[in-house]
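>>> requesting a structural model of the entry that follows:
(one chain, ligands or ions: 1)
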Amino acid sequence: MNIHHGVAAWLAACEGGDVLGRGLVPTMGALHEGHGSLIRQCVAENTQSIVTIYVNPTQFENPDDLGNYPDSLQDDIHYLESLGVSDLILPQYKELYPFDFTLFVDESLDSKVLCGKNRTGHFKGVLSVVMKLINLTQARRVYFGKKDFQQYRLVSKMVEAYFMPTRIIGMDTVRDEHGLALSSRNRRLSDEQLVLARRMNVLLRDGSLSTEEIADQLNSWGFRVDYCEERWGRRFVAAFLGEVRLIDNVEMTP
Ligand code: PAF
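Model (predicted):
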């Protein structure tokens, strides 16, 4: 695997390459099997499979969240090598944001609900960095997990709205044997919190319960529910267990 330390190193190495066979999985590291499913698909469908690891500060509203983000670069590198990834890019802030965050991409509808309601600048940071990473790599296929369905939806809209020559591919959420959606944040849960977290998806799938009933039940178990809502044919939940914010969503069946 080629490891490119910084944007300049990547640009120098990729010059003249065939962009049509390029696929990209943008990540913030702390990789797990959820990323693994995106990366396997990317490796299978492209002649050049690119992964970026960059903990993007502009999408964090809370500096503690940014500071607490797990860092496991050496493990991530071994994992990516085992999956057969061809290129890993490790961008630096100054190169990615040459004018700091004075130029950005924003959206004014779908980004203001659910995860964007209380974290008003979150998706502005996400969309901006994803556009930069797509432009930088010129990838023709980019892979996103549907656990972050709102992110997947917004990035798909951005690519369409700006006529970007790439396709966004949404992959189903990977879950553990109890149905808990895999997330880098799960590793911050205590054993007791993990037991509770695994109950969340069971409630979410229960079509006999309203979103209010689900929220009440979660709060009574010790979660602090941020939202539980239905939209876009799906049911979404975000809830804190202690300091850890968990999200999940499922497709609604009639
Ligand atoms: O989903 C993530 O890990 C991040 O939001 C992303 C897409 C890598 C942008 O920083």
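
>>> ok, Phe236 to Tyr227 distance?
Taken as CB to CB, to the nearest Å, the spacing of Phe236 relative to Tyr227 amounts to 7 Å. Yep, even glycine has a C-beta here, placed from its N, CA and C like the rest.

>>> the two: which is more packed in?
Comparing Phe236 with Tyr227 by other CB atoms under 10 Å, the one with more neighbours is Phe236, at 21 against 16.

>>> residues of this structure that sit close to the ligand?
Within the chain, the positions near the ligand by CB under 6 Å from any ligand atom are Pro26, Thr27, Met28, Asn56, Gln59, Val126, Val129, Val130, Asp148, Gln151.

>>> between these, which is nearest Arg198?
Within the set of these, Asp148 lies nearest Arg198; the separation is 19.4 Å, counting by CB to CB.

>>> and the residues of the chain next to the ligand, which of them are in strands?
Pro26, Thr27 (DSSP state E).

>>> ok, the residues of the chain next to the ligand vs Glu160, which is closest?
For the residues of the chain next to the ligand, the nearest to Glu160 is Val130 (13.5 Å; CB to CB).

>>> now do the shared contacts for Phe236 and Tyr227.
Contact criterion CB atoms under 8 Å, 6 or more residues apart in numbering; residues bridging Phe236 and Tyr227 by contacting each: Leu114.

>>> where's the closest residue in space to Asn118 that isn't next to it in sequence, which helix or strand?
Counting by CB to CB, 6 or more residues apart in numbering, Asp226 is the residue found nearest to Asn118 once chain neighbours are left out, at 6.5 Å. Element membership for Asp226 (DSSP states H and E) is strand 224-231.

>>> buried set for that strand?
By 16 or more other CB atoms under 10 Å, the buried positions in strand 224-231 come out as Val225, Asp226, Tyr227, Cys228.

>>> alright, I will stop here.
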